[in-house]
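1. Requesting a structural model of the entry that follows:
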Amino acid sequence: MDAKDILGLHKNSFPSSLEKKSRPPKESHRKPDGISREVYALTGGMPPLMPSIHSSQLKKKPLPPEKVTWQWLPFTNSARKDDLHLYHWVRVVNGVLPTGDYSFAKYNKSVDIIKYTEEEYEKYLTDPMWTKDETNELFDLCERFDLRFVVIADRFPSSRTVEELKDRYYSVLRAILLARAASSGDVATHPVIKDPYNVSQEMERKRALSMVLSQTRQQEKRDEEVLIEAKRIAELRMASKVTEQSQLVVASNADAEVTEGAVPGETIPPSNVQLTPFTDNASTLASLRMLRVYLRTYALDQMVQASNSSAGVRTIKRVEQTLQDLGVNLKPRVPTKAVCAEHLELRKEILTWLNLQKQVQYKEAEGSSFRDGSYSEPPGTPKDRTFTLDSINFGVSSERVVKKDQKRKAHGTPPTAAHKRPRKQKASDF
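-> Numbers count the residues shown, from 1 in each chain. Below is the predicted model:
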């Protein structure tokens with residue numbers, strides 16, 4: 001039952017035009033090519049403002065498919081001196097035959113072998129170990145096989161090793177180059193002249209190479225262990241060196257602080273100037289024994305650092321300057337055990353001499369301070385002075401008052417004599 005039944009109206013009383021019209025079916029739009037699905041959903045099916053396909057692609061016409069065939073064709077090789085014709089399969093595109101030289105002819109490289117004359121051989125190339133026929137045969141084989149000395153040694157008529165053939169060829173080539181050059185400087189940069197062939201070095205290289213190639217697995221493992229141990233020792237040395245350098249920097253900083261804290265014009269008390277006790281080198285020797293293998297120069301450096309550990313940076317520089325003045329190298333050129341010991345002893349004696357020099361300078365300054373006046377006090381102790389309010393507030397006036405007091409003391413007049421009023425004369429005085 002609906003509203004029409006309640007009102008008694010016919011269901012079809014309203015005109016058909018007023019009835020609800022059915023919606024037309026929604027047309028489905030296909031996503032064009034070249035646009036992603038997300039972009040097409042954002043546009044709502046509307047055409048984009050900018051073209052989604054590049055114009056060059058619209059104008060581009062598809063090329064016709066290539067017709068590729070393989071043909072059995074002849075070819076010639078420019079590396080060959082004879083006009084030999086061989087055949088091989090060639091890729092032919094659209095019936096166009098390939099042109100040009102054989103593709104592998106560019107890899108044919110030849111060596112220019114120098115020729116010598118009879119006169120040059122008799123003058124420069126004679127050798128008691130080689131005959132002229134053997135030398136000619138060697139150069140012919142070198143030209144034929146492009147200095148492939150292994151093949152040349154196999155084809156050579158007499159029993160000669162590869163090293164002997166190389167030595168003879170390069171010695172002849174070197175002699176010819178030097179003979180034909182106007183001066184030795186013209187061919188100084190030539191590889192044969194700059195780095196001549198060394199037979200002994202070549203034989204040693206091949207012997208070492210054969211030893212490496214013939215090693216067993218156990219020998220290779222042993223070599224790896226030796227390399228690991230050497231790396232560990234190097235790391236230990238580096239760590240100890242860094243520690244010693246840090247200690248030296250700390251000592252130098254402490255020495256610099258003491259020097260900067262000293263007041264100019266005052267001498268250092270004898271408690272601060274003492275003979276530097278030489279550090280015992282037992283700990284350094286023990287650390288060197290742990291390395292088992294070390295350089296003597298490295299041991300000398302460790303000993304020098306141990307002996308200079310208690311000295312400042314300026315003192316160490318003075319020691320080095322004294323060594324240079326004496327004409328002694330900072331590091332011995334021949335670091336034998338005796339030379340290193342003498343060098344270390346000389347450094348210790350110079351350090352002792354410098355410390356004694358400091359003590360002498362202090363004693364002289366102390367004696368001169370006592371000789372200057374009876375009122376002067378020993379250096380290093382502050383003088384008792386009475387500062388007034390004006391002297392505290394105004395530094396210039398206080399300095400003048402102090403200078404006047406010092407002058408009065410020097411002349412032996414009491415400071416209060418200038419302030420006493422003169423006594424009145426009596427009749428008895430006349």
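
2. what's the neighbour count on the spatially closest residue to Ser158 that is not a sequence neighbour?
-> Excluding its sequence neighbours, the residue lying closest to Ser158 (C-beta to C-beta, 6 or more residues apart in numbering) is Glu134, at 6.4 Å. Quick note: C-beta positions are derived from backbone N, CA and C, even for glycine. Residues near Glu134, counting by other C-beta atoms under 10 Å, number 17.

3. same check, this time on Glu163
-> Glu163: 17 neighbours (other C-beta under 10 Å).

4. isn't it right up against Val199?
-> Yes: look at Glu163 against Val199 with C-beta atoms under 8 Å: they come within range, at 5.3 Å.

5. and Thr189, which of the three is it?
-> What DSSP: H, G, I helix; E, B strand; the rest coil gives for Thr189 is coil.

6. show me what contacts Ile228?
-> Under the criterion of C-beta atoms under 8 Å, 6 or more residues apart in numbering, Ile228 has no neighbours.

7. So the protein: which segments form each domain?
-> Annotated domains of the chain cover 118-213, 224-260+272-370 [automatic domain parsing].

8. could you dump those domains to TSV with mean pLDDT?
-> Listed next are the domains of the chain as TSV, based on pLDDT from 0 to 100:
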stretch	mean pLDDT
domain 118-213	92
domain 224-260+272-370	76
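
9. any chance of those in JSON lines, with distance to Val90 too?
-> JSON lines is the format used below for the domains of the chain (distance: least, C-beta to C-beta, whole Å):
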{"stretch": "domain 118-213", "distance to Val90": "29"}
{"stretch": "domain 224-260+272-370", "distance to Val90": "54"}
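
10. For Ala41, find the nearest of the ones you listed.
-> Shortest separation from Ala41 across these is recorded for domain 224-260+272-370, at 64.3 Å, computed as C-beta to C-beta.

11. how deep is Phe149 tucked in, by neighbour count?
-> 19.

12. Spit out the contact partners of it.
-> If you count contacts by C-beta under 8 Å, 6+ apart, Phe149 has them with 162, 165-166, 169.

13. Distance-wise, check the closest residue to it other than its chain neighbours relative to Glu244.
-> Closest residue to Phe149 apart from its sequence neighbours, by C-beta to C-beta, 6+ apart: Val162 at 5.0 Å. Val162 sits 53 Å away from Glu244, going by C-beta to C-beta, to the nearest Å.

14. got it, and Glu204?
-> For Glu204 relative to Glu244 (C-beta to C-beta), the value is 40 Å.

15. Counting neighbours, which bits of the helix or strand Gln201 falls within end up buried?
-> For Gln201, the enclosing helix or strand under DSSP states H and E is helix 199-213. By neighbour count with 16 or more other C-beta atoms under 10 Å, helix 199-213 contains no buried residues.

16. Quick one: list the elements packing against that helix.
-> helix 162-180 (3 or more C-beta pairs under 8 Å, 6 or more residues apart in numbering; DSSP states H and E).

17. quick one: the helix it packs on to helix 199-213, angle?
-> Here helix 162-180 points in a direction 150 degrees away from that of helix 199-213 (axes from the mean of the first three to the mean of the last three C-alpha atoms, to 10 degrees).

18. ok, residues contacting helix 162-180?
-> With contact meaning C-beta under 8 Å, 6+ apart, helix 162-180 is reached by 114, 116, 120, 123-125, 127, 130, 135, 138-139, 142, 147, 149-150, 152-153, 156, 184, 187, 190, 192-193, 196-197, 199, 202-203.

19. related to what we said a few turns ago, helix or strand next in line after the helix or strand hosting the residue nearest to Ser158, which one?
-> Under the criterion of DSSP H and E, Glu134 resides in helix 132-145. Remark: after helix 132-145, the chain's next helix or strand is helix 149-155, criterion DSSP H and E.

20. List the buried residues in that next one.
-> Applying 16+ other C-beta under 10 Å to helix 149-155 flags 149, 152-153 as buried.

21. Now do the helices in the stretch 301-430 of the chain.
-> For the stretch 301-430 of the chain, the helices defined by DSSP state H, counting those that start in this stretch cover 313-325, 337-372, 389-393, 395-411.

22. typo on my end, the stretch 1-150 of the chain
-> Using DSSP H, counting those that start in this stretch, helices in the stretch 1-150 of the chain cover 3-7, 37-43, 55-59, 118-124, 132-145, 149-155.

23. name the helices or strands packed onto the fifth one?
-> Yep, that's helix 132-145 we're talking about. So helix 132-145, by 3+ C-beta pairs under 8 Å, 6+ apart, packs with helix 149-155, helix 162-180.

24. again, only using 6 Å
-> helix 149-155 (3 or more C-beta pairs under 6 Å, 6 or more residues apart in numbering; DSSP states H and E).

25. With just CA atoms, put the helix it packs on into PDB.
-> This file holds the C-alpha atoms of helix 149-155, laid out as PDB (Å, rounded to 0.1, in the frame of the first residue of the first chain):
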ATOM      1  CA  PHE A 149     112.700 -15.800 -28.000                       C
ATOM      2  CA  VAL A 150     111.200 -19.000 -26.800                       C
ATOM      3  CA  VAL A 151     110.400 -20.000 -30.400                       C
ATOM      4  CA  ILE A 152     113.700 -18.700 -31.600                       C
ATOM      5  CA  ALA A 153     115.600 -20.800 -29.000                       C
ATOM      6  CA  ASP A 154     113.600 -23.800 -30.200                       C
ATOM      7  CA  ARG A 155     114.600 -23.100 -33.800                       C
END
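
26. So which bits of stretch 180-192 are buried?
-> Buried, per 16+ other C-beta under 10 Å, within stretch 180-192: 187, 192.

27. Stretch 234-248 too?
-> Buried residues in stretch 234-248 (16+ other C-beta under 10 Å): Glu244.

28. One more: stretch 342-350?
-> 343-344, 347-348, 350.

29. before we move on, the earlier item: restrict the helix holding Gln201 to CA atoms and write it as PDB.
-> C-alpha atoms of helix 199-213 as PDB (Å, rounded to 0.1, in the frame of the first residue of the first chain):
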ATOM      1  CA  VAL A 199     121.400 -11.400 -17.700                       C
ATOM      2  CA  SER A 200     122.000 -12.100 -14.000                       C
ATOM      3  CA  GLN A 201     118.900 -10.200 -13.000                       C
ATOM      4  CA  GLU A 202     116.800 -12.100 -15.500                       C
ATOM      5  CA  MET A 203     118.100 -15.500 -14.300                       C
ATOM      6  CA  GLU A 204     117.500 -14.500 -10.700                       C
ATOM      7  CA  ARG A 205     114.000 -13.400 -11.500                       C
ATOM      8  CA  LYS A 206     113.200 -16.700 -13.200                       C
ATOM      9  CA  ARG A 207     114.700 -18.700 -10.300                       C
ATOM     10  CA  ALA A 208     112.600 -16.800  -7.800                       C
ATOM     11  CA  LEU A 209     109.500 -17.300  -9.900                       C
ATOM     12  CA  SER A 210     110.100 -21.000 -10.200                       C
ATOM     13  CA  MET A 211     110.600 -21.200  -6.400                       C
ATOM     14  CA  VAL A 212     107.200 -19.400  -5.800                       C
ATOM     15  CA  LEU A 213     105.400 -21.700  -8.300                       C
END
